[in-house]
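Engineer: Only the shape, not the letters, is given here:
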């Protein structure tokens with residue numbers, strides 16, 4: 001893998017031909033919709049980002065499943081992955097993640113097995129326990145009336161669907177995912193709590209912690225994952241713990257411009273706190289006036305894991321986060337009202353990270 005070594009490998013990473021000893025960087029895309037644009041525009045901009053990320057040497061690009069959101073157009077992760085794969089060459093593509101309670105494991109295996117058969121070993125499958133939406137929409141998404149938590153069993157079932165065919169099953173007693181069987185699509189465990197950390201450790205899977213929106217438990221969850229990791233369960237895919245964490249990042253030529261552009265992401269966080277569902281808003285000069293002092297503290301805590309500023313500033317902040325959490329990889333999320341500014345941010349970050 002010329003643009004990063006992947007799980008458990010060296011930390012040497014290539015960006016546009018330059019080689020860095022820093023950890024690999026990846027991208028999390030929720031396909032954000034700006035107030036002045038359409039969903040179609042957002043999907044097209046997302047494809048443009050995939051091509052930028054592929055050119056710049058980012059390790060992977062993941063799409064996160066969200067539903068009933070006016071801010072994000074990332075409900076159908078497998079479709080976004082397929083389109084991006086058609087227009088990129090080397091970057092790994094995947095879901096970060098599929099919210100497994102919303103889906104049948106067999107159907108997920110068929111979708112992602114199909115992607116693997118079509119595009120080869122470039123497909124990742126991150127799995128989450130949350131529905132990725134509000135409670136009312138979650139009820140509409142459920143597969144049936146039973147709300148029993150079968151997440152671990154579903155992950156095991158999914159792993160088995162991806163496994164090679166069983167030669168002893170000569171009379172077809174086993175349900176087979178076709179496509180899917182034998183593709184061995186890599187599974188990742190997502191989490192924003194201690195529960196996810198424990199499940200990832202028990203199952204022996206690489207772990208991605210959502211510190212970009214749930215920073216409070218990041219140290220405890222990552223430590224718990226590392227302490228309890230086991231590589232002897234049937235789903236185990238790695239021999240040692242491997243940790244990715246989400247980081248809010250915005251890079252601009254100057255600290256001042258980056259702080260200004262980042263107010264779009266801060267307004268988004270404020271909307272989550274107040275229940276105001278809205279697309280991405282334009283950046284503002286006076287954030288306090290835009291969001292109100294009563295939610296400013298929430299926004300600060302919600303986005304505590306962030307690196308915002310000029311290239312030099314962001315590299316220093318990002319290095320501190322990597323050191324603090326002992327990360328093997330960082331996955332970056334960036335919200336800009338203008339998609340061109342988002343692309344520029346990732347370009348500046350890749351260049352600075354390779355220095």
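Structural biologist: Perfect, thanks for sending it. Computed from a predicted model, the values in this text were never measured in an experiment. Residues are numbered from 1 along each chain as shown.

Engineer: Now do the SS call for residue 332.
Structural biologist: Under DSSP: H, G, I helix; E, B strand; the rest coil, residue 332 falls in the strand class.

Engineer: so it sits right up against residue 250, yeah?
Structural biologist: No - with contact defined as CB atoms under 8 Å, residue 332 does not count as touching residue 250 (9.5 Å). Glycine gets a C-beta too; all of them are placed from N, C-alpha and C.

Engineer: In terms of neighbours, single out the busier of those two.
Structural biologist: residue 250 (28 against 24; other CB atoms under 10 Å).

Engineer: State the pLDDT value of that one.
Structural biologist: pLDDT for residue 250: 98.

Engineer: Torsion angles phi and psi at it?
Structural biologist: Backbone geometry at residue 250, expressed as degrees, to the nearest 10, gives phi -150, psi 120.

Engineer: same deal with residue 251?
Structural biologist: In terms of degrees, to the nearest 10, the main-chain angles of residue 251 are phi -120, psi 130.

Engineer: do you know how far it is from residue 97?
Structural biologist: For residue 251, the distance to residue 97 equals 25 Å [CB to CB, to the nearest Å].

Engineer: Pick out whichever of the two has more residues nearby.
Structural biologist: residue 251 (31 against 27).

Engineer: Pretty sure that one sits against residue 352.
Structural biologist: Yes - at 7.2 Å, residue 251 counts as touching residue 352 under the criterion of CB under 8 Å.

Engineer: so what's in contact with the two at the same time?
Structural biologist: Both residue 251 and residue 352 are in contact with 311, 314, where contact means CB atoms under 8 Å, 6 or more residues apart in numbering.

Engineer: So which residues of the chain form strands?
Structural biologist: 13-15, 18-20, 25-29, 60-63, 92-99, 123-128, 187-191, 207-209, 243-251, 306-309, 329-333 (DSSP state E).

Engineer: Nearest to residue 300, out of these?
Structural biologist: Closest to residue 300 of the strands of the chain is strand 306-309 (CB to CB; 9.7 Å).

Engineer: Could you check that closest one and say which residues are buried?
Structural biologist: 306, 307, 308, 309 (16 or more other CB atoms under 10 Å).

Engineer: tell me which of those is nearest to residue 70?
Structural biologist: Using CB to CB, residue 306 is the member of the buried residues of strand 306-309 that lies nearest residue 70, at 23.5 Å.

Engineer: Dig out what that closest one forms beta bridges with.
Structural biologist: residue 248 (DSSP bridges).

Engineer: From residue 266, how far off is it?
Structural biologist: From residue 306 over to residue 266 (counting by CB to CB), the distance is 10 Å.

Engineer: go on, residue 323?
Structural biologist: From residue 323 to residue 266 the distance is 25 Å (CB to CB).

Engineer: From the structure, what's the count of residues near residue 178?
Structural biologist: Residue 178: 14 neighbours (other CB under 10 Å).
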